[in-house]
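Engineer: How does the following fold in three dimensions:
(one chain, ligands or ions: 1)
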Amino acid sequence: MKIINFGSLNIDKVYNVNNFVKAGETIASNSMKLFPGGKGLNQTIAIARAGGEVYHAGAIGYDGALLEECLKVDKVKVDYLQRLEEPSGHAIIQVTDKGENAIIVDSGANGKIDNEYVDKVLMNFNKEDLLLIQNEISNVGYIIKKADELGLTIVFNPSPITKAMVSYPLDLVDIFILNEVEGEALTKKQKPVEIVERLVQLYPKAKIILTLGEKGSVYKGGDEHNQFGIYKNKVVDTTAAGDTFCGYFITCLSKNIETALAMKYASAASSISISREGATTSIPYMSEVQEFIDNCGN
Ligand code: RIB
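Structural biologist: Have a look, this model is predicted:
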């Protein structure tokens, strides 16, 4: 199974701060570093490092060489990457010493995905393949519709939440991977069990994986129901922890690994990522994940 991830690529400007800046306040950062990031790119890198075969579609701008390089280093297929005369997307990320983050994203080239490009990319994939998509590029609704016409399995990570999302054809999605905040936005429910129940009512054909931060994750797909806790680790920077989970989970599914085991690998990979700085830079390789699980003894 080939995976096509249609997703954002951002230059992450990461500022280490004592506390998040408040309205009307000017603060000094302790340091600033640039990292390749973007929810799309992070998830693609997680798939590649988990051992999946992944194509990345999306747009970079004139300043996007480091983003393309990041894909190539991990042997991601870049045949369909679009290079535009725009600035690349970028994110301004504040990270505190507790590892919490606050992120502003400017879409840049990620906002220039049009129908013609989508058609050109997706015509190379079919019902044997899987589309992964987040909500950080333009034209998400059209991409989902087109992928459905071509019979791809559609995995949607509704991140970040936007008002436009309710107009997407979400009934065509086969698997939702989302956190509690995103779940609440889609269902207006707060308790995990109610979020899952409501999602199943709204999108009966979809499988749901809901991540719950320190409480782990739950899965519901037809009659199958699973839950998994977390692997505790020191927190340095939580950026891309969710993306790492998503990429690992998808890769396991693409290799027909059973859901419970997929959750375990995804959870371990995400736990490693929070102990490291940056987005793509924090994502572990499968060998590290396996070693981490072995060392944890479960
Ligand atoms: O999920 C983390 C990502 O969110 C960062 O890499 C940043 O680019 C934003 O898209």
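Engineer: Could you check how far the most centrally placed residue in the chain is from I250?
Structural biologist: Closest to where the C-alpha atoms of the chain average out (C-alpha atoms, centre = their mean) is D243, at 3.5 Å. Shown here: D243 relative to I250, a distance of 11 Å by C-beta to C-beta, to the nearest Å. C-beta here means a position set from N, CA and C on the backbone, and glycine is covered the same way.
Engineer: For N101, give me its contacts.
Structural biologist: 93-95, 237-239 (C-beta atoms under 8 Å, 6 or more residues apart in numbering).
Engineer: Of the residues you listed, which is the nearest to the ligand?
Structural biologist: Here the nearest of the contacts of N101 to the ligand, counting by C-beta to the nearest ligand atom, is T239; it sits at 5.0 Å.
Engineer: Tell me how many other residues surround that closest one.
Structural biologist: 29 (other C-beta atoms under 10 Å).
Engineer: That one against D12, yeah?
Structural biologist: Yes: contact criterion C-beta atoms under 8 Å: T239 and D12 qualify, at 7.4 Å.
Engineer: okay, and the common contacts of those two?
Structural biologist: 37, 93, 278-279.
Engineer: Strands - which of the residues you listed land there?
Structural biologist: 37, 93 (DSSP state E).
Engineer: Which of the shared contacts of T239 and D12 are buried? Put it as a ChimeraX command.
Structural biologist: To isolate the buried ones among the shared contacts of T239 and D12 in ChimeraX, judged by 16 or more other C-beta atoms under 10 Å, type:
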select :37,93,278,279
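Engineer: Would you format the shared contacts of T239 and D12 as JSON lines with distance to the ligand included?
Structural biologist: JSON lines is the format used below for those (distance: C-beta to the nearest ligand atom, whole Å):
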{"residue": "G37", "distance to the ligand": "3"}
{"residue": "I93", "distance to the ligand": "6"}
{"residue": "G278", "distance to the ligand": "8"}
{"residue": "A279", "distance to the ligand": "4"}
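Engineer: quick one: which two of the shared contacts of T239 and D12 are the most distant?
Structural biologist: Largest separation among the shared contacts of T239 and D12 by C-beta to C-beta: I93 and G278, giving 9.2 Å.
Engineer: Identify the contacts common to the two.
Structural biologist: Joint contacts of I93 and G278 (C-beta under 8 Å, 6+ apart) are 12, 14, 37, 239.
Engineer: Just the pLDDT at the third one, thanks.
Structural biologist: Note on G37: pLDDT of 97.
Engineer: ok, back up a step: with the shared contacts of T239 and D12 in mind, which one is nearest to E258?
Structural biologist: Once C-beta to C-beta is applied, the member of the shared contacts of T239 and D12 that ends up nearest E258 is A279, at 28.7 Å.
Engineer: Tell me who's in contact with the closest one.
Structural biologist: A279 neighbours (C-beta under 8 Å, 6+ apart): 12, 35-38, 41-42, 239-240, 243.
Engineer: now do 6 Å
Structural biologist: Contact analysis of A279 by C-beta atoms under 6 Å, 6 or more residues apart in numbering lists 12, 35, 37, 42, 239-240.
Engineer: What about the residues you listed, which are in strands?
Structural biologist: 12, 35, 37.
Engineer: my guess is the first one contacts G37, does it?
Structural biologist: To tie it back to what came earlier, the one meant is D12. Yes: using C-beta atoms under 6 Å, D12 is in contact with G37, at 3.6 Å.
Engineer: Tell me the pLDDT of the residue in the stretch 51-200 of the chain that the ligand sits nearest to.
Structural biologist: Closest residue of the stretch 51-200 of the chain to the ligand, C-beta to the nearest ligand atom: A91 (3.5 Å). A91 is assigned 98 on the pLDDT scale.
Engineer: Can I take it that S287 is in a helix?
Structural biologist: Yes: counting by DSSP: H, G, I helix; E, B strand; the rest coil, S287 is located in a helix.
Engineer: tally of neighbours for it?
Structural biologist: Neighbours around S287, by other C-beta under 10 Å: 10.
Engineer: if I pick the residue of the stretch 51-200 of the chain closest to the ligand, what's in contact with it?
Structural biologist: 10, 12, 103, 105.
Engineer: Low-confidence regions, the stretch 101-250 of the chain specifically.
Structural biologist: Nowhere does the stretch 101-250 of the chain drop to pLDDT under 70.
Engineer: What residues does this protein have near the ligand?
Structural biologist: 8, 10, 12, 37-39, 42, 91, 103, 105, 136, 239-240, 243, 279 (C-beta under 6 Å from any ligand atom).
Engineer: Of the residues you listed, which is the nearest to T26?
Structural biologist: I103 (19.2 Å).
Engineer: Good, wrapping up.
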